[in-house]
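[1] predicted structure and sequence below. I'll ask about it afterward.
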Amino acid sequence: MPLRRALRLVRRWWRVLARHLTRYTAPARRAWRRSLQLRVVAITLVASSLLVGTFGGFIADRSAEILLKRADDEARAALTTKVRYAQDQLTLYPQGRDPELPSALKDLVNELFDGESSSRGDTVISIRADGYPDLSAVAVPPTVDTRDLITPEMIRAVSGDGGGVRQQIRTAEINGQTTKYLVYGSPVPTRFGQVELYYMVPLTSEDQDANLMRTTVLATGLALVILLGVVAALVTRLVVTPVRVAARTAQRLSAGLLDQRMKVNGEDDLALLAAAFNQMAANLQRQIVRLEEMSRLQRRFTSDVSHELRTPLTTVRMAADLIFSEREEFDPAVARSAELLQAELDRFEELLTDLLEISRFDAGFAALDAEHTDLVPILERVTERLTGLAERAGVELELNLPDTPVIAEVDPRRVERVLRNLVGNAVEHAEAKPVQITMATDDAAVAITVRDHGIGLKPGEERLVFNRFWRADPSRARQTGGTGLGLSISVEDARLHGGWLEAWGSPGEGAQFRLTLPVRAGDRLVAAPLPLIPRDRTAEVS
């Protein structure tokens with residue numbers, strides 16, 4: 001239990017930390033995503049820092065190795081000279097018990113120390129004889145303790161059997177400062193035995209030179225990285241600025257400001273880009289103006305023709321009504337012709353009405369006459385009026401409505417027209433299978449779905465169904481005598497309300513249309529109370 005509680009506490013703190021990090025780093029992440037120049041400069045700085053740091057570190061380390069090698073060569077050469085001189089001087093004494101030998105060792109050490117270059121600073125020279133405790137001498141500055149420099153391990157390595165020249169690097173405290181020493185030890189053969197000579201050279205100047213070189217490399221590398229960052233920023237600015245100008249110009253063009261153009265400076269690639277962009281914008285402007293003119297003429301032609309056909313249609317309707325009322329007195333063939341004439345006149349009148357409505361939408365003259373309306377009676381009225389059509393097609397209409405009124409601020413005439421088109425289309429394509437009509441609501445929206453189980457829609461056709469005069473199966477015989485404009489008008493009615501009209505379909509499994517309207521006119525829709533994909537299909541997928 002304590003472990004589980006601790007894990008919960010860790011997870012809680014981790015979520016809090018992640019939330020704070022996300023919030024505080026959001027501006028930086030947003031700037032990183034939006035600024036190409038920032039990304040190029042940052043990547044250049046990181047790459048150049050790694051490159052300069054790698055090469056700078058290599059150069060500094062290599063220089064320090066060279067300085068140490070030079071000091072090592074000098075110390076080894078000096079040690080060889082001192083060992084030879086010491087051997088020559090100590091050959092005069094055949095016995096280690098000679099009373100003059102201790103003073104001779106001290107004089108020898110002082111002579112070797114006096115021959116040192118003053119530039120080496122606190123150089124240390126020591127001579128000792130293994131087995132002769134009294135035979136030892138050290139020429140050393142008073143501030144240096146040789147016990148820190150000559151280790152027992154080194155003494156054993158120099159004085160033991162098979163001993164020879166040994167080298168190591170040690171540190172010593174001098175006036176409160178740590179100083180690095182290069183320590184050399186070498187045996188000195190004499191007549192009375194073997195003597196050890198230790199030569200200790202401070203590496204102060206080498207360390208100072210190495211630190212100076214590292215500082216110089218670091219400063220140079222930092223300056224180079226900053227210079228590369230500035231150069232990258234300037235170069236990127238030269239490239240990004242025309243791209244930003246092109247993006248702003250493209251945004252203005254997409255907003256309808258077709259006269260916007262880029263400035264062409266010079267003859268380089270960016271100038272060619274600007275010229276090509278301007279040529280493209282000019283061509284688009286010409287095409288858009290031409291298409292707008294053609295669309296305006298087409299809308300005007302549709303509106304004019306629809307209005308002009310009203311008068312002859314009224315006259316033909318009067319004559320057709322008279323003939324239709326007297327059809328029982330005609331021959332059967334003439335009577336059938338009168339019925340066909342009446343039906344086609346009804347369809348023609350419906351087509352003219354739809355064309356006039358479409359022309360109003362195209363001209364932007366459609367207006368919403370919104371009022372608080374209960375949508376339940378509207379849906380019941382639409383279903384009742386289409387019951388006869390459904391019975392003739394062998395289709396059962398299934399209503400699933402809320403028990404309470406569904407009040408929304410809508411234009412009831414337009415909503416009823418949309419529902420009539422949706423239910424009529426569902427009956428037409430249901431293929432004698434039930435059609436489910438469902439309504440649901442929440443605080444912000446009302447949704448109505450119309451589901452059939454007919455031929456369905458192929459992938460991609462859910463967007464085409466709202467195109468004018470589009471039909472999923474042109475070879476099918478129409479039962480309802482529609483104009484092919486019903487769904488186009490319906491989607492415009494939904495948009496006029498600030499709502500959605502969407503479609504879903506699957507071949508052989510039917511289709512579902514969803515109308516979503518805001519409860520209050522002018523509100524922005526965020527979600528729909530009903531899913532677009534039927535629940536039975538969602539369950540199968542999951």
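    Everything's here; your move. Remember, predicted model here, so these are calculated numbers, not experimental data. Numbering: from 1, shown residues only.

[2] please enumerate the helices of this structure.
    Secondary structure of the chain (DSSP state H): helices located at 2-34, 36-90, 101-114, 152-159, 204-254, 269-325, 332-363, 375-385, 387-392, 412-429, 461-464, 486-496, 535-541.

[3] which residues does the shortest one contact?
    Read it as helix 461-464. Helix 461-464 has contacts (Cβ atoms under 8 Å, 6 or more residues apart in numbering) with 470, 472, 502, 503, 504, 505, 511. For every residue, glycine as well, the C-beta is placed using N, CA and C.

[4] let's see that with 10 Å instead.
    The contact list for helix 461-464, computed with Cβ atoms under 10 Å, 6 or more residues apart in numbering, reads 457-458, 467, 470-472, 487, 502-507, 511-513, 532.

[5] with stretch 518-527 instead?
    368, 370-372, 406-411, 441-447, 497-500, 516-517.

[6] shaky segments in the stretch 301-450 of the chain?
    For the stretch 301-450 of the chain, the stretches with pLDDT under 70 are 301-308, 354-355, 362-365.

[7] repeat that with 80
    Scanning the stretch 301-450 of the chain for pLDDT under 80 picks out the ranges 301-317, 319-322, 324, 326-330, 334, 338, 342-367.

[8] ditto for the stretch 101-250 of the chain
    Residues of the stretch 101-250 of the chain that meet the cut-off, pLDDT under 80, sit at 101-123, 126, 128-148, 157, 159-164, 172-178, 191-194, 238-247, 250.

[9] let's see it at 70
    Counting by pLDDT under 70, the stretch 101-250 of the chain shows low-confidence ranges at 115-121, 130-145, 161-163, 174-176.

[10] residue 220 and residue 52: what is the separation?
    The gap separating residue 220 from residue 52 is 8 Å, by Cβ to Cβ, to the nearest Å.

[11] who has more neighbours, these two?
    More neighbours surround residue 52 than the other of residue 220 and residue 52, with 19 against 13 (other Cβ atoms under 10 Å).

[12] surely that one touches residue 224?
    Yes. With contact defined as Cβ atoms under 10 Å, residue 52 counts as touching residue 224 (5.6 Å).

[13] identify the contacts common to those two.
    By Cβ under 10 Å, 6+ apart, no residue touches both residue 52 and residue 224.

[14] pick the most buried one from the helices of the chain.
    Stretch with highest mean neighbour count among the helices of the chain: helix 412-429 (a mean of 22; mean count of other Cβ atoms under 10 Å).

[15] and the angle from it to helix 486-496?
    140 degrees (axes from the mean of the first three to the mean of the last three Cα atoms, to 10 degrees).

[16] just the contacts of helix 461-464: which are in strands?
    Using DSSP state E, 502, 503, 504, 505, 506, 511, 512, 513 are the members of these that sit in strands.

[17] now the fourth one: how far from residue 395?
    Okay, so that is residue 505. As judged by Cβ to Cβ, residue 505 and residue 395 stand 17 Å apart.

[18] same check on residue 169?
    99 Å.

[19] what subset of the contacts of stretch 518-527 is buried?
    370, 406, 408-411, 441, 444-447, 497-500, 516-517 (16 or more other Cβ atoms under 10 Å).

[20] more neighbours, residue 169 and residue 395?
    The residue with more neighbours, out of residue 169 and residue 395, is residue 395; 24 against 12, by other Cβ under 10 Å.

[21] the residue lying closest to the more buried one once chain neighbours are set aside: how many residues sit nearby?
    What sits nearest to residue 395 in space, not counting adjacent residues and going by Cβ to Cβ, 6 or more residues apart in numbering, is residue 430, at 4.6 Å. Neighbour count for residue 430, taken as other Cβ under 10 Å: 23.

[22] likewise for the one 4 residues further on?
    For residue 434, the tally of surrounding residues (other Cβ under 10 Å) stands at 15.

[23] wait, it sits on residue 393?
    No. Using Cβ under 10 Å as the test, residue 434 is too far from residue 393 to be in contact (11.5 Å).

[24] pretty sure residue 36 contacts residue 239?
    Yes. With contacts counted by Cβ under 10 Å, residue 36 reaches residue 239, the gap being 8.6 Å.

[25] for the strand ranked longest in the chain, which helices and strands make contact with it?
    Secondary structure of the chain read by DSSP E shows that its longest strand is strand 177-189. Applying 3 or more Cβ pairs under 10 Å, 6 or more residues apart in numbering; DSSP states H and E, one finds that strand 177-189 contacts helix 36-90, strand 124-129, helix 152-159, strand 166-174, strand 194-202, helix 204-254.
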